[in-house]
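Enquirer: need coordinates for the below:
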Amino acid sequence: MDWAVLLAGGSGTRFWPLSSPTRPKQLLPLAGPRSTAEETVARLEGLIPPDRVLIVAGGQLAGPLQRRLSIPFANYLVEPRPASTAPALVWATFEARRRDPDATILSLHADWVVPDPAPFVQAARAALQAARAHDRLVTVGVVPTRVETGYGYIVPGSPLGDACRRVARFTEKPDVPTATRLLAEGALWNTGLFAWTAERFLAEARVHTQEVAPALPRLDRGDVAGFFREVRDISIDVGLLERSAAVAVITADFAWDDVGGWDALARVRPADAAGNVLAGTVTPVDAAGCIAWSDGIPIVLAGVRDLVVVEANGRILVLDRARAADLKQILARLPPEVRDLPA
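Expert: Numbers count the residues shown, from 1 in each chain. Have a look, this model is predicted:
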């Protein structure tokens with residue numbers, strides 16, 4: 001049967017000060033009235049039932065997610081510690097196979113924005129079918145719409161049949177000249193939407209992911225805490241997909257955005273006539289190209305251009321929009337009493 005694994009981890013820094021460790025990006029209503037996690041679960045309706053959706057999250061997020069999502073309590077896999085996506089997906093795939101030896105897994109993230117769910121579901125169904133038909137780890141790529149240095153890229157290789165192709169190579173977060181060249185070569189954005197049979201995935205992980213493989217006997221014994229103590233942190237892309245020869249890609253046609261920071265709101269929310277993207281009680285007066293979010297206190301934007309202005313959690317952020325991608329580095333320079341948000 002088909003299963004979904006929803007990765008719902010997050011440190012809460014990408015949308016500071018609105019986001020926090022207990023209310024990170026995936027719990028924020030970034031593109032509409034519902035959080036991205038709620039939108040993601042809704043997107044699976046008609047594809048995979050709630051009792052076959054596993055959610056991987058840290059302890060402080062499991063409770064808030066359970067209150068928002070219609071997923072059975074037993075399907076929350078609470079990580080003893082954050083260890084990146086390879087250990088999380090090995091554990092979740094192992095658990096899906098324990099419950100269903102013939103499980104085929106769809107792996108996705110809880111913080112994406114996908115405006116039209118229909119082509120997304122079509123791509124997810126095609127990926128699951130390709131994983132079974134070709135016995136490979138299948139990635140889903142989308143045709144890039146811009147030169148983007150914050151995404152990973154996939155260069156497709158020779159065809160396997162149907163719409164499935166081998167992966168020639170991955171390139172993670174290239175610089176502008178490299179990204180421009182990749183677009184010219186027909187590279188795809190790596191969405192992070194993956195599919196695999198549990199058997200093939202675990203077999204490949206045993207061979208290629210030595211940061212995780214030695215700890216697999218812990219899962220056989222039901223020792224999840226020991227598994228996480230023993231594994232080394234590594235992403236699934238670096239730890240397995242870039243190492244395995246059993247990886248394939250299908251090209252999908254759906255709008256997708258991983259909403260990497262404040263500037264991304266201009267892609268997923270409507271703007272006013274002056275190009276301002278506003279949420280909450282925000283009044284622009286001769287302002288243009290700004291992104292502003294008020295979580296309670298009214299904001300007035302007067303005579304300014306291209307700013308990010310955010311009021312939330314007792315903090316106010318005023319940021320040059322061109323520096324939005326630098327927010328993580330900026331936060332590292334703040335004193336803890338300013339940076340750390342109340343629980």
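
Enquirer: tell me where this protein has helices.
Expert: Assigned helices in the chain, in chain order: 36-43, 59-68, 85-99, 117-134, 176-184, 198-208, 216-220, 224-230, 236, 265-268, 327-332, 336-339 (criterion: DSSP state H).

Enquirer: can you tell me which of the ones you listed is most buried?
Expert: helix 236 (a mean of 24; mean count of other CB atoms under 10 Å). For glycine as for every other residue, the C-beta is placed from the backbone atoms N, C-alpha and C.

Enquirer: and for that one, what's in contact with it?
Expert: 84, 85, 86, 89, 107, 194 (CB atoms under 8 Å, 6 or more residues apart in numbering).

Enquirer: of those, just say which sits nearest to residue 183.
Expert: residue 194 (22.5 Å; CB to CB).

Enquirer: circling back: make JSON lines from the helices of the chain and add mean pLDDT and distance to residue 20 to it.
Expert: Output for the helices of the chain, formatted as JSON lines (pLDDT from 0 to 100; distance: least, CB to CB, whole Å):
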{"stretch": "helix 36-43", "mean pLDDT": "95", "distance to residue 20": "15"}
{"stretch": "helix 59-68", "mean pLDDT": "90", "distance to residue 20": "10"}
{"stretch": "helix 85-99", "mean pLDDT": "98", "distance to residue 20": "21"}
{"stretch": "helix 117-134", "mean pLDDT": "95", "distance to residue 20": "28"}
{"stretch": "helix 176-184", "mean pLDDT": "93", "distance to residue 20": "32"}
{"stretch": "helix 198-208", "mean pLDDT": "98", "distance to residue 20": "33"}
{"stretch": "helix 216-220", "mean pLDDT": "96", "distance to residue 20": "31"}
{"stretch": "helix 224-230", "mean pLDDT": "98", "distance to residue 20": "23"}
{"stretch": "helix 236", "mean pLDDT": "95", "distance to residue 20": "26"}
{"stretch": "helix 265-268", "mean pLDDT": "94", "distance to residue 20": "18"}
{"stretch": "helix 327-332", "mean pLDDT": "94", "distance to residue 20": "12"}
{"stretch": "helix 336-339", "mean pLDDT": "94", "distance to residue 20": "11"}
